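A.B. asks: fold the following for me, if possible:
(one chain, ligands or ions: 1)
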Amino acid sequence: MWDSGATARLELAGVYVLNYTSHVDITEDHNRFKNVDGYVDNIHALRYQDQADIAVLIGDYPWPSVFSSISGVVSHVLDRFATVDIDAMYSNYTFAHEIGHIYGAQHAPDEVLFGPSDHSYGYWYNPNPNIKFKDIMAYGKNCIPQYSCQTIPLYSNPSKNVFINGQNFPLGSGDSAGNCYSGGTCSNVALQITKNAFDIANTNLGPCLPWYGICDGVDSSTIKSEDDTVPGQEITTVSVYPNPFKDSSTIQYYIEDRNSNVKINVYDILGRKVISLEDGFKEKGFHVVKWDGKDQSKNTVPNGTYIYTIRIKEKEYTYKTILAK
Ligand SMILES: [Zn+2]
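C.D. replies: Numbering: from 1, shown residues only. Sure, this is the predicted structure:
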């Protein structure tokens, strides 16, 4: 069957009927849903309880209405909310469309709502009246007549085909006019979804630092909904000592798999990156890296709490450490 090539999978964490009547304005409902503002605020506790990385509000809105509202992109834990009209969620693939936004996907290049975009684009194609289609992320507003392109249930990926009227057509152009980052790195929605699946699956939802989803005492690897791109089990251990530290902090980690990609960064409590300690491939075995309490420009940072993010292959660990000179 058709396949976009995106490897992320969604797992249903829970379903709740909210004590809330759909408002006429879907955008306002969306804001009430995702924000802590006196409306349906229990969603945040439920989301935490169920460890749901993404929350979707399904409402019933006057048809035709705005189908949905943009929930944002992957950068922020509170942006992983979407709101969709029940009338459009399957017939227009609006559910999958909003999920695509959460994974960092945009509409087609001529349909961007905000920009310039650093995200991958949807795709539409309409060379003649008999051949026209659009993917899940595109509106096809320039299809002739407008919006007349048939939606096919796929995300853009120039290396995948769609079969229309007896012919195969690539699902994207693969150049800057099609499905690439405006910033230059060529991507497509299927690839973008695959790349962001780990970050989304490892969102921490507790009493967190909202900019990164780091929470005290919650191991990010306990998050339920994970993509299944990690083959088998890997045994990896990490320890950080001493804590608090005075002169230098030691991070020791053990890698079971040979040639694992390791990234270690230090952030301050406001989420600003202080320094990158490690970024590259490491051999199987024990590794030690030290942080001397200095930033990238070799300046000593003030006393206080700092956060290590330690990514080993597709797993990310977070640790808090306190600098007390
Ligand atoms: Zn959209």
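A.B. asks: so where do the helices sit in the stretch 51-200 of the chain?
C.D. replies: In the stretch 51-200 of the chain, the helices defined using DSSP state H, counting those that start in this stretch lie at 94-102, 189-201.
A.B. asks: need the ones you listed in a markdown table (columns: mean neighbour count, distance to residue 55 and mean pLDDT).
C.D. replies: Heads up, the C-betas are built off the backbone N, CA and C, glycines and all. Output for the helices of the stretch 51-200 of the chain, formatted as a markdown table (neighbours: other C-beta atoms under 10 Å; distance: least, C-beta to C-beta, whole Å; pLDDT from 0 to 100):
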| stretch | mean neighbour count | distance to residue 55 | mean pLDDT |
| --- | --- | --- | --- |
| helix 94-102 | 23 | 10 | 88 |
| helix 189-201 | 23 | 12 | 80 |
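A.B. asks: so where do the strands sit in the stretch 51-200 of the chain?
C.D. replies: Counting by DSSP state E, counting those that start in this stretch, the stretch 51-200 of the chain has strands at residues 55-59, 68-69, 81-85, 124-128, 131-134, 150-151, 157-164, 167-171.
A.B. asks: would you mark the buried spots in the fifth one?
C.D. replies: Going back to what we said before, that points to strand 131-134. 132-134 (16 or more other C-beta atoms under 10 Å).
A.B. asks: please apply the same query to the longest one.
C.D. replies: Going by neighbour count (16+ other C-beta under 10 Å), the buried part of strand 157-164 is 157-158, 160, 162.
A.B. asks: show me the two of these that sit farthest apart.
C.D. replies: Comparing every pair within these by C-beta to C-beta identifies 158 and 162 as the most remote, at 11.3 Å.
A.B. asks: pull up the overlap in contacts between those two.
C.D. replies: 170-171 (C-beta atoms under 8 Å, 6 or more residues apart in numbering).
A.B. asks: wait, isn't residue 284 in contact with residue 257?
C.D. replies: Yes: with contact defined as C-beta atoms under 8 Å, residue 284 and residue 257 form a contacting pair (6.5 Å).
A.B. asks: what about the two, which has more around it?
C.D. replies: Shown here are residue 284 and residue 257; by other C-beta atoms under 10 Å, residue 257 has more neighbours (16 against 12).
A.B. asks: doesn't the more buried one lie inside a helix?
C.D. replies: No: assignment of residue 257 by DSSP: H, G, I helix; E, B strand; the rest coil gives coil, placing it outside any helix.
A.B. asks: quickly note the distance from it to residue 17.
C.D. replies: Separation of residue 257 from residue 17 (C-beta to C-beta, to the nearest Å): 44 Å.
A.B. asks: what about the stretch 1-150 of the chain, any weak spots by pLDDT?
C.D. replies: Counting by pLDDT under 70, the ranges of the stretch 1-150 of the chain that qualify are 1, 63-78, 113-119.
A.B. asks: what does the stretch 151-300 of the chain give?
C.D. replies: Of all residues in the stretch 151-300 of the chain, those with pLDDT under 70 make up the ranges 174-187, 203-238.
A.B. asks: that older thread, of the helices of the stretch 51-200 of the chain, which is nearest residue 53?
C.D. replies: For residue 53, the closest of the helices of the stretch 51-200 of the chain is helix 189-201, at 5.1 Å, according to C-beta to C-beta.
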